[in-house]
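J.: What follows is a predicted structure for the sequence shown.
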Amino acid sequence: MLTLEALINAIPHAVETVDVPELGSKVQGKVRDIYHLGGQRVLITTDRVSAFDRVLGLIPFKGQVLNQLSAWWFRQTADIVGNHMLEVPDPNVMVVQEAQALPVEVIVRGYITGVTATSLWYLYAQGERRPYGLPLPEGLRKNDPLPQPVITPTTKATGGAHDERLTRAEVIERGLVAPDVWARVEEVALALFARGQEVARQAGLILVDTKYEFGLLNGELVLIDELHTPDSSRYWVAETYTPGSDQDPEHFDKEYLRAWFAARGYRGDGTPPTMPPEVVAQVAQRYIAAYERLTGHTFVPGEQPAGDRIVRALRAWVGTTV
């Protein structure tokens, strides 16, 4: 595990964006730089971090952690559903197949928690007993486990707008996803979540909730984006979780950062407060700790992404024409 001092020293070298002119025009995602490569895409990690649907700063080594952890998870779950990953030719790079993304994201929740306006706990605390069309029992307290994992669909947030709340019925009635495809999405999402919970349990973590993105590739459902990372999932340290306690468990995910902003009154509107170096380093340490616990591997930072080295890595990958 990298020390806080080492992570603070790495902050000035965090990667905001990566230019690879040889690959043509860049499509900049929220936290990745994306290039097209024929019928494939090159996803290049950056250290940008987003919360409340906005990029709020840079976390050193975050990109490498997410890239390598997501690739690891893709391999662990390939028996459940296929994915779009082709190759990881560099610690900072993933080459994926182009897939038709479904317009609905899937959030699977095992606990009632959260600080955003679309979280189950926020809605429940406001008096809703059927958020997302889900019947929830009376008497739930924040951070309680749900009787069973539930699925809350949402459209993808764009342009800083928050995700749209949907129910299963609305997904079908609005024609967003065909009924047979949605049935498969729900089946796969719950199976992935169960696998994630078990791996997390063995690592001394609790997988609280997670977001899945799916697409269609040659008519088959596949996973796209990333999987079970500290950006897409909420992890608690198991030994810090006490059912019924008012004390929030320790987070090994982006929620630590989101909670830091929320505690200072920021929830996405206006100018966010600046993160002090020690907060940035603490977030980085949690990302790395999640990677190390889940995979059992020690995180060793690779070289920071650079256009010329990425091109060499792609050329070395069999089948590219870069």
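T.: Yep, that arrived. Numbers count the residues shown, from 1 in each chain.
J.: check contacts around the residue positioned nearest the centre of the chain.
T.: Central residue of the chain (Cα atoms, centre = their mean): residue 232, 1.8 Å from the mean position. By Cβ atoms under 8 Å, 6 or more residues apart in numbering, residue 232 lies in contact with 210, 211, 212, 225, 226. From N, CA and C alone the C-beta is placed, and that goes for glycine too.
J.: could you redo the last one with a cut-off of 7 Å?
T.: 210, 211, 226 (Cβ atoms under 7 Å, 6 or more residues apart in numbering).
J.: do residue 7 as well
T.: By Cβ under 7 Å, 6+ apart, the neighbours of residue 7 are 60, 281, 284, 285.
J.: where's the residue nearest to the residue nearest to the centre of the chain when sequence neighbours are not counted relative to residue 60, distance?
T.: Computed as Cβ to Cβ, 6 or more residues apart in numbering, the closest residue to residue 232 that is not its neighbour in sequence is residue 211, at 4.8 Å. From residue 211 across to residue 60, the span is 24 Å (Cβ to Cβ, to the nearest Å).
J.: Which one of the two is surrounded by more residues?
T.: For residue 211 versus residue 60, the count of surrounding residues by other Cβ atoms under 10 Å is larger for residue 60: 27 against 22.
J.: any idea which element the spatially closest residue to the more buried one that is not a sequence neighbour lies in?
T.: Closest residue to residue 60 apart from its sequence neighbours, by Cβ to Cβ, 6+ apart: residue 10 at 3.8 Å. Assigned by DSSP states H and E, residue 10 belongs to helix 4-10.
J.: and if you look at residue 86?
T.: strand 85-90.
J.: Show me the contact partners of the next helix-or-strand element following that strand.
T.: Using DSSP H and E, the helix or strand that follows strand 85-90 in sequence is strand 93-97. Contact with strand 93-97 is made by 37, 40-44, 67, 71, 84-89, 217, 310, 313, 317, as judged by Cβ under 7 Å, 6+ apart.
J.: Give the buried residues for strand 93-97.
T.: 93, 94, 95, 96, 97 (16 or more other Cβ atoms under 10 Å).
J.: who does the third one bridge with?
T.: Put plainly, it is residue 95. residue 42, residue 87 (DSSP bridges).
J.: Tell me both backbone torsions, phi and psi, for residue 49.
T.: phi -130, psi 140 (degrees, to the nearest 10).
J.: scratch that, residue 285
T.: phi -60, psi -40.
J.: correct me, but it touches residue 5?
T.: No - assessed by Cβ atoms under 7 Å, residue 285 is found out of contact with residue 5, at 10.9 Å.
J.: between these two, which one's more packed in?
T.: residue 285 (20 against 9).
J.: From residue 1, how far out is that one?
T.: From residue 285 over to residue 1 (counting by Cβ to Cβ), the distance is 7 Å.
J.: How is the protein divided into domains?
T.: 4-99+283-316, 101-258 (automatic domain parsing).
J.: so how far does the last one reach from one end to the other?
T.: End-to-end distance of domain 101-258 (Cα to Cα, to the nearest Å): 27 Å.
J.: Residue 92 is in contact with residue 45, isn't it?
T.: Yes - using Cβ under 7 Å, residue 92 makes contact with residue 45 at a distance of 4.6 Å.
J.: which neighbours do the two share?
T.: Joint contacts of residue 92 and residue 45 (Cβ under 7 Å, 6+ apart) are 63, 64, 67, 305.
J.: State the distance from the last one to residue 89.
T.: Residue 305 sits 12 Å away from residue 89, going by Cβ to Cβ.
J.: Just give me how far stretch 216-223 sits from the chain centre.
T.: 20 Å (Cα atoms, centre = their mean, to the nearest Å).
J.: How about stretch 264-275?
T.: With Cα atoms, centre = their mean, you get 21 Å for stretch 264-275.
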